[in-house]
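Next input, structure requested:
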Amino acid sequence: MKIKGLLIIIVIGLAIIVYSAAYIVDETEQVVITQFGRIVGDPKTSPGLKFKIPFIQKANFFHKNLLDWDGDPGQIPTLDKTFIWVDTFARWKIVDAVKFFQTVNNPFNAISKLNDIIDPAVRNAITSHGLIEAVRKSNREMELGEIGEEDVEQDRGTSYMITVGREIITQSIMDQAQPKLAQFGIELVDVKIKRINYVEQVRNSVYQRMIAERQQIAEKFRSEGQGEARKILGDKERDLKLITSEAYRKAQEIKGKADAEATKLYAQAYGIDPEFYSFIKTLEIYGEALDKKNTLVLSTDSEFLKYLKGYTE
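Prediction:
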């Protein structure tokens, strides 16, 4: 019974020793082994199961993949004395775990060092260049879809020659910060400007100017549209009158030809018997002149009543 208990104790002890001696290195991690606070051997960067002296040595884990740094937005004056808000971010990684452990020891302290180094580098880069250099990266002409037509004319008349540009400014930030971070075993992989904006006072005035410019452009488009509309209406009225006059002319021509043809037919028909024609026309006049509303006084020898006299006789 005592032997069985002793074996159990030995097994438990061995398990504790093995558990204390073994550690697993993830593919995104690297490990620095220390013994009583002193670094032992090279960092362990390959993934897998590793072993150390239990209870004496300690495994210190550090990231091997890319890490992010997000700077605090700050108000920075440009070279042309324009105050802007600048928001930046960066990607970094631990390339020398031993140096990193000896200097900053943990990611929290590393972020503090990044703040102390990158923020001043950003400020130096922005204050050394004009606003247009921090905003644009080339001399590409802006398209009509990006700004108004009048702004295009103004931009063409104003020469904004980009000699540095945002990409070179961000590269200068890296060039300033990287040597200082290298002493901590940190490699600055990339730095980007996330956002640039005017301070609130300047931003409000800029918005008002932009609104006024866009209203001016809109008014120009509206006036051009109204002028075009009046031109279209004028062309419509002219075409309508032209069509109406042409139709009236053709109608009169057709009517004239019809009247001439009718007169010709009448002449041919009544020319056969002129006396009958005279009789018919006189009857038409009787029908128009002699009605209930009219009173006609004529002498008996009037030519107008010749057919009536002839009929009565």
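
Y207: which element?
helix 200-271 (DSSP states H and E).

Now do that helix: distance to the chain's middle.
Distance of helix 200-271 from the chain centroid (CA atoms, centre = their mean, to the nearest Å) equals 38 Å.

And for stretch 171-188?
Distance, centroid of stretch 171-188 to centroid of chain: 36 Å (CA atoms, centre = their mean).

hang on, the earlier thing: quick one: average pLDDT of the helix holding Y207?
For helix 200-271, the mean pLDDT works out to 86.

May I have the beta-bridge partners of W69?
Following DSSP bridges, W69 is listed with bridge partners A90.

what's around D87, how many residues?
Neighbour count of D87, defined by other CB atoms under 10 Å: 16. Where you see a C-beta, it was placed from the backbone N, CA and C, and this is true even at glycine.

just the angle between the host helix or strand of it and helix 200-271, please?
Using DSSP H and E, D87 falls within strand 83-94. With axes from the mean of the first three to the mean of the last three CA atoms, to 10 degrees applied, the angle from strand 83-94 to helix 200-271 works out at 110 degrees.

which residues of the stretch 51-200 of the chain fall in strands?
57-63, 67-70, 74-77, 83-94, 186-198 (DSSP state E, counting those that start in this stretch).

could you list every residue that touches T88?
T88 makes contacts with G71, I118, V122, I173, V191, K192, I193, K194, as judged by CB atoms under 8 Å, 6 or more residues apart in numbering.

Count residues in the vicinity of the fourth one, would you?
So the one you mean is I173. 26.

ok, now the third one?
Here the neighbour count serves as a burial measure; for V122 (other CB under 10 Å) it reads 25.

And for the second one?
By the measure other CB under 10 Å, the count of residues near I118 is 25.

which residue packs closest to it, ignoring adjacent ones?
The spatially closest residue to I118, leaving aside those adjacent along the chain, is A177, at 5.1 Å (CB to CB, 6 or more residues apart in numbering).

With the last one instead?
Using CB to CB, 6+ apart and skipping the chain neighbours, the partner closest in space to K194 is D87 (4.5 Å).

I'd say that neighbour and R195 touch.
Yes. In terms of CB atoms under 8 Å, D87 counts as a neighbour of R195; the distance is 4.4 Å.

where do the contact lists of those two overlap?
P73.

What is the neighbour count of P43?
20.

cool, D273 as well?
11.

next one: phi and psi at it?
The phi/psi pair for D273 (degrees, to the nearest 10) reads phi -140, psi 90.
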